[in-house]
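Visitor: Provided below for reference: sequence and predicted model.
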Amino acid sequence: MKRFLEQINGPHHETALRVFCEKRGTPPRALAHGQLLQALTLLNRSRSVNARALAAAPDTGGSTVDNMLEQMYKAQGVLKNWDCVLNLLEGPVNSFLAAQYAEKYSSATPMVVTVGFCQAFPAGNQTVLAYTRLSVNLGPPLLAFQANNHNFVQVTQAIQSGYMQTGSRFVPGNVPCPSPPDLDNPAIDWSKQTPLDVSKKPTVTGAVALGMVQGLVTPTLPAGGQGNKDDAHTVVLDFSKSSFVADALNIDTDNAQLNLQLSNWFQTNPIQYQINTVVFSDTTTLPALQPSKFKLNVLTTNSQKNVLQVFITTSGQQQSNLTINVNEPIPDGFHNSLMINTKIMERRTAKGFTGTVDDPLVLDVIATYKKSMEKARTEYAAAGDRGKDQLAELDFEVAWCSKLLPQTLSDAELRDAVSKAIAELPSRDPKMAGRVVGAIKKQYGDRADAQLAKKMIDEELAKGSA
């Protein structure tokens, strides 16, 4: 997923929190609780729409960045318990489809669809088999998302040129048309090809299913090289589940039969276009953001933007609803956005939670996340070369979390705190070590390194018992 977003947004390693602070000229520790909560609720540890561009975006009203941030802050439960939601605008998706079409077909060898059908007419003691053949050159596909339909999209291809041809043959007896019609039978007497009139801009239009295919794309790893194809799941246009009709085609024929054959052609020929790829691997993103399942939805916003949404489950439970509490998930001037459920929201919506989202809770969430990243770093470091690519990013995450947390006690400050706590003991008994650790943690919380404090306490108490 990260690699895909970098391809369309450009590589970046700043978090939204950093931009939030830079935009306001305020260091992280100086943020008020409301500001800190707003930044973390928005995009804590995410790689969303380009962060620097978001910071620079002007407020022009409507679906602006600032309006989206304000709505997300007020709504709180934005993703309705989904872990991530990727939003893709219809226009850039069509540009991607056009690029794939250009790779598949050149101007010298366009996409050609040739279909035909047969109709049987009794004529005395024989049967006239009347044939119709249509051949069209199609332009690139143009996709249109259909509101409230997350299974199918409308795909239109312009008929750029082509011809229609009719033919016939006589067979003895009362016989039906062959199936398939066998248009290449040399016994058919074909008329001259009649060029199609494309002045009225005829098209082939169909409802095409959105599908998911595993192993279609070989993912590119952040440090270069190729990943495992089995980790890549690609959203595709599945033409094998489609139905097509010809529009504005001014020809004299059985339209029902023609449309049936067009649908059959698309369903039986290997036509496939990619929309986007999600990589189910922890080699391309942080372990906490590794996708496990996803669902698709199509949304038309209040500003009439057509958006494809990929609802992603990472370590959480897959939800049934396919909506979020944001009216305009893609601000003006952007092609996509990635929204990630924050740890704060997980804590606030956890079963049994009755408190308030205050400073201690926010700091506790950040500290817990920092510890999980430190643990992940240890595991990646132990993996050697296989894990080295992730170390820099994990270090970045840990460093930014550290900036938000109160400064940990220095060795000298911790030793002084240990000495004062030991001085309060009735005796310098090594068995009192746990009591001293408790006193240190009660007074300083996570600012005190518990392991280092325990080591210092044991050393000091050992001196007293010697």
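Guide: Perfect, I can see it now.
Visitor: count of residues packed around residue 195?
Guide: For residue 195, the tally of surrounding residues (other C-beta atoms under 10 Å) stands at 9. Where you see a C-beta, it was placed from the backbone N, CA and C, and this is true even at glycine.
Visitor: what segments of this structure are strands?
Guide: Secondary structure of the chain, counting by DSSP state E: strands at 84-89, 111-123, 126-138, 142-145, 152-172, 189-190, 194-195, 203-214, 232-247, 272-279, 293-300, 306-313, 336-340.
Visitor: pLDDT on the second one, on average?
Guide: Over the span of strand 111-123, the pLDDT mean works out to 95.
Visitor: please name every helix or strand in contact with that strand.
Guide: Under the contact criterion of 3 or more C-beta pairs under 8 Å, 6 or more residues apart in numbering; DSSP states H and E, strand 111-123 touches strand 126-138, helix 255-268.
Visitor: please apply the same query to the fifth one.
Guide: In this structure, strand 152-172 makes packing contacts with strand 126-138, strand 142-145, strand 189-190, strand 194-195, strand 203-214, strand 232-247, judged by 3+ C-beta pairs under 8 Å, 6+ apart.
Visitor: distance from that strand to the middle of the chain?
Guide: Distance of strand 152-172 from its chain centroid, counting by C-alpha atoms, centre = their mean, to the nearest Å, is 38 Å.
Visitor: run the angle between that strand and helix 255-268 for me.
Guide: 110 degrees (axes from the mean of the first three to the mean of the last three C-alpha atoms, to 10 degrees).
Visitor: the last one too?
Guide: If you take the same axes, to 10 degrees, strand 336-340 sits at 60 degrees to helix 255-268.
Visitor: follow-up on the earlier one: give me whichever of the helices and strands packed on strand 111-123 is most buried.
Guide: The highest mean neighbour count among these, using mean count of other C-beta atoms under 10 Å, belongs to strand 126-138: a mean of 19.
Visitor: ok, it: who's next to it in the sheet?
Guide: Strand 126-138 pairs in its sheet with strand 111-123 (antiparallel), strand 152-172 (antiparallel), by DSSP bridges.
Visitor: what's the shortest one in contact with?
Guide: Contacts with strand 111-123, where a contact means C-beta atoms under 8 Å, 6 or more residues apart in numbering, come from 101, 104-105, 127-139, 157, 170, 174-178, 181, 183, 204, 254, 257-258, 260-262, 264-266.
Visitor: report the buried residues of that strand.
Guide: Neighbour counts over strand 111-123 (16 or more other C-beta atoms under 10 Å) mark 111, 113, 115, 116, 117, 118 as buried.
Visitor: what domains does the record give for the protein?
Guide: Listed domain ranges for the chain are 2-80+324-404, 91-275, 411-465 (source: automatic domain parsing).
Visitor: can you list the low-confidence ranges for the chain?
Guide: 1-62, 73, 75-76, 221-224, 280-290, 315-316, 344-350, 357, 464-466 (pLDDT under 70).
Visitor: can you tell me the centre-most residue of it?
Guide: By C-alpha atoms, centre = their mean, the chain has its centre lying nearest to residue 86, at 3.8 Å.
Visitor: who are the contact partners of that residue?
Guide: Contacts of residue 86 by C-beta under 8 Å, 6+ apart are 1, 276, 278, 309, 310, 312, 336, 337, 338.
Visitor: now swap in residue 149 and tell me
Guide: Residues near residue 149 by C-beta under 8 Å, 6+ apart: residue 298.
Visitor: and what of the one 3 residues further on?
Guide: For residue 152, the contacting residues are 146, 207, 208, 209, 210, by C-beta under 8 Å, 6+ apart.
Visitor: I'd like to know which of those residues are buried.
Guide: For the contacts of residue 152, buried by 16+ other C-beta under 10 Å: 207, 208, 210.
Visitor: of those residues, which is the nearest to residue 327?
Guide: residue 210 (22.9 Å; C-beta to C-beta).
Visitor: which residue, neighbours along the chain excluded, lies closest to that closest one?
Guide: Distances taken as C-beta to C-beta, 6 or more residues apart in numbering place residue 296 nearest to residue 210, at 5.3 Å, with adjacent residues excluded.
Visitor: kindly state the beta-bridge partners for that neighbour.
Guide: Beta-bridge partners, per DSSP bridges, of residue 296: residue 310.
Visitor: just give the closest residue to residue 443, not the sequence neighbours.
Guide: Nearest to residue 443 is residue 417, by C-beta to C-beta, 6+ apart, at 7.2 Å.
Visitor: now for that neighbour, how many residues are close by?
Guide: Counted with other C-beta under 10 Å, residue 417 comes out at 20.
Visitor: look up how far residue 407 lies from it.
Guide: Distance, residue 417 to residue 407, by C-beta to C-beta, to the nearest Å: 14 Å.
Visitor: could you do residue 428 as well?
Guide: 30 Å.
Visitor: settle it for me: which of those two has more neighbours?
Guide: Per other C-beta under 10 Å, whichever of residue 428 and residue 407 has more neighbours is residue 428, with 15 against 10.
Visitor: so residue 188 touches residue 165, yeah?
Guide: No - counting by C-beta atoms under 8 Å, residue 188 sits too far from residue 165 to count as a contact (9.9 Å).
Visitor: follow-up on the earlier one: from the contacts of residue 152, which two are the most distant?
Guide: 146 and 209 (11.7 Å).
Visitor: now render the strands of the chain as CSV, adding distance to residue 455.
Guide: Below are the strands of the chain laid out as CSV (distance: least, C-beta to C-beta, whole Å):
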stretch, distance to residue 455
strand 84-89, 41
strand 111-123, 71
strand 126-138, 73
strand 142-145, 60
strand 152-172, 62
strand 189-190, 93
strand 194-195, 89
strand 203-214, 50
strand 232-247, 47
strand 272-279, 42
strand 293-300, 44
strand 306-313, 42
strand 336-340, 38
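Visitor: looking at these, which is closest to residue 448?
Guide: Taking the strands of the chain one by one with C-beta to C-beta, strand 336-340 is closest: 31.1 Å.
Visitor: what are the ranges of the helices in the stretch 251-400 of the chain?
Guide: 255-268, 343-348, 359-382, 388-404 (DSSP state H, counting those that start in this stretch).
Visitor: of all these, which one is nearest residue 441?
Guide: helix 359-382 (12.7 Å).
Visitor: how about that closest one as PDB, C-alpha atoms only?
Guide: C-alpha atoms of helix 359-382 as PDB (Å, rounded to 0.1, in the frame of the first residue of the first chain):
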ATOM      1  CA  ASP A 359      -4.100  14.400  28.300                       C
ATOM      2  CA  PRO A 360      -3.100  11.400  30.300                       C
ATOM      3  CA  LEU A 361      -5.000   9.000  28.000                       C
ATOM      4  CA  VAL A 362      -3.400  10.600  24.900                       C
ATOM      5  CA  LEU A 363       0.100  10.400  26.300                       C
ATOM      6  CA  ASP A 364      -0.600   6.800  27.400                       C
ATOM      7  CA  VAL A 365      -1.700   5.900  23.900                       C
ATOM      8  CA  ILE A 366       1.400   7.500  22.400                       C
ATOM      9  CA  ALA A 367       3.700   5.800  24.900                       C
ATOM     10  CA  THR A 368       2.100   2.400  24.200                       C
ATOM     11  CA  TYR A 369       2.500   2.900  20.500                       C
ATOM     12  CA  LYS A 370       6.100   3.900  20.900                       C
ATOM     13  CA  LYS A 371       6.800   0.700  22.900                       C
ATOM     14  CA  SER A 372       5.200  -1.400  20.100                       C
ATOM     15  CA  MET A 373       7.400   0.300  17.500                       C
ATOM     16  CA  GLU A 374      10.500  -0.300  19.700                       C
ATOM     17  CA  LYS A 375       9.500  -3.900  20.000                       C
ATOM     18  CA  ALA A 376       9.000  -4.200  16.200                       C
ATOM     19  CA  ARG A 377      12.400  -2.600  15.700                       C
ATOM     20  CA  THR A 378      14.100  -5.200  17.900                       C
ATOM     21  CA  GLU A 379      12.400  -7.900  15.800                       C
ATOM     22  CA  TYR A 380      13.400  -6.400  12.500                       C
ATOM     23  CA  ALA A 381      17.000  -5.900  13.700                       C
ATOM     24  CA  ALA A 382      17.200  -9.500  14.700                       C
END
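Visitor: all good on my end, thank you.
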